[in-house]
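S.K.: Fold the following for me, if possible:
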Amino acid sequence: MNVLAGVLFFVAYIPYAIAVIHGDAVPSIATWIVWAVVDTLGAVAMKKKGAESGQITAAAIGAWSIFILSLIYGDMKMGTIEGISITGAVVGIIFWKKTNDALVAIICSQVVLFIGAIPTIVNVWSNPADEDLFTWSLWLISTVCALIAVKKWDVANALQPINFLVIELPVVFLIIRPYVF
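M.R.: Numbers count the residues shown, from 1 in each chain. Model (predicted):
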(Lines give C-alpha, C1' and ligand atoms only; values in the text may rest on other atoms or scores of the structure.)
Protein backbone atom coordinates (compact mmCIF):
# COMPACT_ATOMS: atom_id res chain seq x y z
CA MET A 1 0.00 0.00 0.00
CA ASN A 2 2.92 2.35 0.69
CA VAL A 3 4.16 1.96 -2.89
CA LEU A 4 0.62 2.43 -4.24
CA ALA A 5 0.25 5.59 -2.14
CA GLY A 6 3.50 6.97 -3.56
CA VAL A 7 2.63 6.07 -7.15
CA LEU A 8 -0.88 7.55 -6.91
CA PHE A 9 0.44 10.70 -5.28
CA PHE A 10 3.07 11.15 -7.97
CA VAL A 11 0.70 10.31 -10.86
CA ALA A 12 -1.76 12.92 -9.57
CA TYR A 13 0.80 15.62 -10.35
CA ILE A 14 0.46 14.90 -14.08
CA PRO A 15 -3.18 16.04 -14.48
CA TYR A 16 -2.48 18.86 -12.04
CA ALA A 17 0.44 20.11 -14.14
CA ILE A 18 -1.74 19.90 -17.26
CA ALA A 19 -4.53 21.79 -15.47
CA VAL A 20 -2.04 24.47 -14.41
CA ILE A 21 -0.65 24.85 -17.94
CA HIS A 22 -4.17 25.10 -19.40
CA GLY A 23 -5.26 27.63 -16.77
CA ASP A 24 -7.74 25.22 -15.13
CA ALA A 25 -5.84 25.29 -11.83
CA VAL A 26 -4.08 28.27 -10.29
CA PRO A 27 -1.43 27.16 -7.78
CA SER A 28 -0.40 29.48 -4.97
CA ILE A 29 3.32 30.12 -5.25
CA ALA A 30 3.49 30.52 -1.44
CA THR A 31 1.92 27.11 -0.84
CA TRP A 32 4.07 25.30 -3.38
CA ILE A 33 7.43 26.71 -2.28
CA VAL A 34 6.62 25.79 1.32
CA TRP A 35 5.47 22.31 0.29
CA ALA A 36 8.48 21.70 -1.97
CA VAL A 37 11.05 22.65 0.66
CA VAL A 38 9.29 21.04 3.59
CA ASP A 39 8.33 17.82 1.77
CA THR A 40 11.98 17.40 0.86
CA LEU A 41 13.19 18.04 4.41
CA GLY A 42 10.37 15.89 5.83
CA ALA A 43 11.30 12.96 3.58
CA VAL A 44 14.91 13.21 4.78
CA ALA A 45 13.85 13.36 8.45
CA MET A 46 11.46 10.41 8.06
CA LYS A 47 14.20 8.37 6.38
CA LYS A 48 16.54 9.17 9.30
CA LYS A 49 13.85 7.98 11.72
CA GLY A 50 13.25 4.79 9.69
CA ALA A 51 9.74 5.92 8.72
CA GLU A 52 10.09 5.99 4.96
CA SER A 53 6.98 6.97 3.02
CA GLY A 54 6.48 6.61 -0.71
CA GLN A 55 3.87 9.35 -0.46
CA ILE A 56 6.19 12.00 1.01
CA THR A 57 8.93 11.15 -1.49
CA ALA A 58 6.46 11.55 -4.38
CA ALA A 59 5.15 14.73 -2.75
CA ALA A 60 8.63 16.27 -2.67
CA ILE A 61 9.35 15.51 -6.33
CA GLY A 62 5.92 16.66 -7.48
CA ALA A 63 5.89 19.79 -5.32
CA TRP A 64 9.12 21.04 -6.90
CA SER A 65 7.58 20.49 -10.35
CA ILE A 66 4.43 22.43 -9.46
CA PHE A 67 6.44 25.18 -7.78
CA ILE A 68 8.34 25.68 -11.04
CA LEU A 69 5.05 25.77 -12.97
CA SER A 70 3.60 28.20 -10.41
CA LEU A 71 6.41 30.62 -11.23
CA ILE A 72 5.05 30.73 -14.79
CA TYR A 73 1.31 30.10 -14.40
CA GLY A 74 0.55 30.50 -10.70
CA ASP A 75 -0.90 33.07 -8.38
CA MET A 76 1.98 35.39 -7.52
CA LYS A 77 -0.11 37.21 -4.92
CA MET A 78 1.81 37.69 -1.69
CA GLY A 79 -0.73 39.06 0.75
CA THR A 80 -1.00 38.67 4.51
CA ILE A 81 -2.00 35.01 4.41
CA GLU A 82 0.90 34.12 2.12
CA GLY A 83 3.32 36.14 4.25
CA ILE A 84 2.16 34.42 7.45
CA SER A 85 2.42 31.03 5.73
CA ILE A 86 5.98 31.58 4.54
CA THR A 87 7.02 33.14 7.88
CA GLY A 88 5.53 30.17 9.74
CA ALA A 89 7.40 27.81 7.46
CA VAL A 90 10.71 29.59 8.03
CA VAL A 91 10.20 29.63 11.83
CA GLY A 92 9.33 25.93 11.77
CA ILE A 93 12.38 25.06 9.69
CA ILE A 94 14.67 27.10 11.97
CA PHE A 95 13.21 25.41 15.07
CA TRP A 96 13.63 22.02 13.44
CA LYS A 97 17.25 22.78 12.48
CA LYS A 98 18.06 24.02 16.00
CA THR A 99 16.77 20.84 17.67
CA ASN A 100 18.59 18.48 15.27
CA ASP A 101 16.11 15.76 16.26
CA ALA A 102 14.46 13.70 13.50
CA LEU A 103 11.19 13.28 15.43
CA VAL A 104 10.97 17.02 16.13
CA ALA A 105 11.77 17.56 12.44
CA ILE A 106 8.88 15.31 11.41
CA ILE A 107 6.47 17.16 13.72
CA CYS A 108 7.72 20.58 12.59
CA SER A 109 7.57 19.58 8.93
CA GLN A 110 3.95 18.52 9.25
CA VAL A 111 2.95 21.69 11.11
CA VAL A 112 4.73 23.73 8.45
CA LEU A 113 3.07 21.73 5.64
CA PHE A 114 -0.30 22.55 7.13
CA ILE A 115 0.61 26.23 7.46
CA GLY A 116 1.75 26.13 3.82
CA ALA A 117 -1.68 24.80 2.81
CA ILE A 118 -3.51 27.81 4.23
CA PRO A 119 -3.19 30.04 1.11
CA THR A 120 -4.55 27.22 -1.07
CA ILE A 121 -7.40 26.42 1.33
CA VAL A 122 -8.35 30.10 1.59
CA ASN A 123 -8.24 30.47 -2.20
CA VAL A 124 -10.30 27.33 -2.88
CA TRP A 125 -12.88 28.56 -0.35
CA SER A 126 -13.45 31.63 -2.52
CA ASN A 127 -12.55 30.15 -5.92
CA PRO A 128 -13.24 26.39 -6.00
CA ALA A 129 -12.67 26.30 -9.76
CA ASP A 130 -9.01 27.29 -9.19
CA GLU A 131 -8.19 23.72 -8.17
CA ASP A 132 -8.47 20.42 -10.02
CA LEU A 133 -10.94 17.95 -8.46
CA PHE A 134 -9.46 14.90 -10.19
CA THR A 135 -5.97 15.63 -8.87
CA TRP A 136 -7.07 16.40 -5.33
CA SER A 137 -9.24 13.24 -5.35
CA LEU A 138 -6.22 11.15 -6.39
CA TRP A 139 -4.16 12.76 -3.63
CA LEU A 140 -6.94 11.94 -1.17
CA ILE A 141 -7.11 8.29 -2.34
CA SER A 142 -3.31 8.11 -2.05
CA THR A 143 -3.55 9.37 1.50
CA VAL A 144 -6.12 6.72 2.40
CA CYS A 145 -3.69 4.12 0.98
CA ALA A 146 -0.86 5.66 3.02
CA LEU A 147 -2.99 5.48 6.17
CA ILE A 148 -3.78 1.82 5.50
CA ALA A 149 -0.04 1.21 4.95
CA VAL A 150 0.97 2.57 8.36
CA LYS A 151 2.56 -0.38 10.14
CA LYS A 152 3.51 1.33 13.36
CA TRP A 153 1.07 3.89 14.70
CA ASP A 154 3.45 6.41 16.19
CA VAL A 155 4.18 10.04 15.39
CA ALA A 156 7.06 9.26 13.04
CA ASN A 157 4.99 6.91 10.88
CA ALA A 158 1.41 8.19 11.11
CA LEU A 159 1.59 11.99 11.39
CA GLN A 160 2.40 12.65 7.73
CA PRO A 161 -0.56 10.75 6.20
CA ILE A 162 -2.91 12.11 8.89
CA ASN A 163 -1.75 15.64 8.10
CA PHE A 164 -2.19 15.07 4.36
CA LEU A 165 -5.75 13.87 5.08
CA VAL A 166 -6.44 17.00 7.14
CA ILE A 167 -5.31 19.12 4.17
CA GLU A 168 -6.81 17.15 1.26
CA LEU A 169 -10.25 16.33 2.66
CA PRO A 170 -11.35 19.96 3.11
CA VAL A 171 -9.87 20.96 -0.27
CA VAL A 172 -11.85 18.21 -2.03
CA PHE A 173 -14.97 19.24 -0.11
CA LEU A 174 -14.48 22.91 -1.01
CA ILE A 175 -13.99 22.06 -4.70
CA ILE A 176 -17.21 20.00 -4.85
CA ARG A 177 -19.21 22.34 -2.58
CA PRO A 178 -20.66 24.43 -5.44
CA TYR A 179 -22.00 21.26 -7.08
CA VAL A 180 -23.50 19.83 -3.89
CA PHE A 181 -24.83 22.90 -2.09
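S.K.: can we go C-alpha only for contacts and neighbour counts from here?
M.R.: Will do.
S.K.: all helices for this structure, in order.
M.R.: 2-21, 29-48, 54-73, 80-99, 102-126, 133-149, 155-180 (DSSP state H).
S.K.: what's the pLDDT at F173?
M.R.: At F173, the model reports a pLDDT of 97.
S.K.: So it versus V26, what's the distance?
M.R.: Separation of F173 from V26 (CA to CA, to the nearest Å) stands at 17 Å.
S.K.: Neighbour count for the two, which is higher?
M.R.: More crowded of F173 and V26, by other CA atoms under 10 Å: V26, with 25 against 17.
S.K.: So which bits of the least confident helix or strand in the chain by mean pLDDT are buried?
M.R.: Least confident element among the helices and strands of the chain, by mean pLDDT, DSSP states H and E: helix 80-99 (a mean of 81). Within helix 80-99, the residues that count as buried by 16 or more other CA atoms under 10 Å are 81-82, 84-89, 92-93, 96.
S.K.: Report the distance from it to the chain centre.
M.R.: Distance of helix 80-99 from the chain centroid (CA atoms, centre = their mean, to the nearest Å) equals 15 Å.
S.K.: which other residues reach it?
M.R.: By CA atoms under 8 Å, 6 or more residues apart in numbering, the residues outside helix 80-99 that reach it are 30-31, 34, 38, 104-105, 108-109, 111-113, 115-116, 118-119.
S.K.: Of those residues, which pair is most distant in space?
M.R.: For the contacts of helix 80-99, the farthest-apart pair by CA to CA is V104 and P119; their separation is 24.4 Å.
S.K.: higher neighbour count, the two?
M.R.: Between V104 and P119, P119 has the larger neighbour count (other CA under 10 Å), namely 26 against 18.
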